[in-house]
Every structure is written in C-alpha cells, then in structure tokens.
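>>> coords please:
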Amino acid sequence: MYLHIGDDVSVRSDRIIGIFDIENSTVEEATRGFLKDAENKNRITYSSPKMPKSFILAEGAAGIDVYVSSVTVSAIRDRLNG
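Okay, the predicted model is just below:
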C-alpha cells in the first residue's frame, strides 16, 4: 500500500519508519543535524512548496529517505489507518 503525503508524492507504507511533527521535532539539535545531513546527501524529498508540517522517515535502497510534507501528522496517520 502507498501513502499519499502531498501533491504527487507517495511513500510505500511498509517502508515507513516514523512520522514526525516538524515544528516540535526540530527543536532538538540532533534532529536538525540529522535533517541537514540528509539534505547534504540529497536524501530529502519535498512533497510540496507549501509550509512543511511533518516529515516521514522511510527505508530507502541506500539508507534512510526523508520526505517533508505540508500534511499534518494527524492527517497522515488517519490516511494510514483509514
């Protein structure tokens, strides 16, 4: 099954590691460092040019992929459980 996370981006639900609120999660320096490292390695996909509200970590072929979404964590969870 695929999870639609915004615009034309979907993620295989069986590869999802975690779904995080971007505002609350990026308070921690470790999270900011992780996201910066992922960006430097071109491992981040932005699902929309709109204000980001969440990010999803998923298993990728060469490591962890990060998907930044304008969809809220609660809406993504509803889609997963729906």
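>>> in this protein, which residue is closest to the centre?
I56 (2.2 Å; C-alpha atoms, centre = their mean).
>>> partner residues bridging that one?
Per DSSP bridges, the residues bridged to I56 are I19, Y67.
>>> neighbours of A38, just the number please.
18 (other C-beta atoms under 10 Å). The way it works is simple: take the backbone N, C-alpha and C, and place the C-beta from them, glycine included.
>>> so who does the residue nearest to the centre of the chain touch?
3, 5, 11, 16, 18-20, 66-67, 69, 76 (C-beta atoms under 8 Å, 6 or more residues apart in numbering).
>>> Compare those and tell me which is most surrounded.
In these, the most neighbours by other C-beta under 10 Å go to S69, 27 neighbours.
>>> State the phi and psi torsions of it.
phi -130, psi 150 (degrees, to the nearest 10).
>>> My guess is it contacts S10. True?
No: under the criterion of C-beta atoms under 8 Å, S69 is not in contact with S10, lying 10.8 Å apart.
>>> picking that back up, quick one: the contacts of I56 as CSV, columns for distance to A30 and pLDDT too.
Putting these into CSV (distance: C-beta to C-beta, whole Å; pLDDT from 0 to 100) gives the following:
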residue, distance to A30, pLDDT
L3, 26, 95
I5, 23, 95
V11, 23, 96
I16, 20, 97
G18, 14, 97
I19, 18, 97
F20, 13, 97
V66, 14, 98
Y67, 19, 98
S69, 21, 97
I76, 22, 96
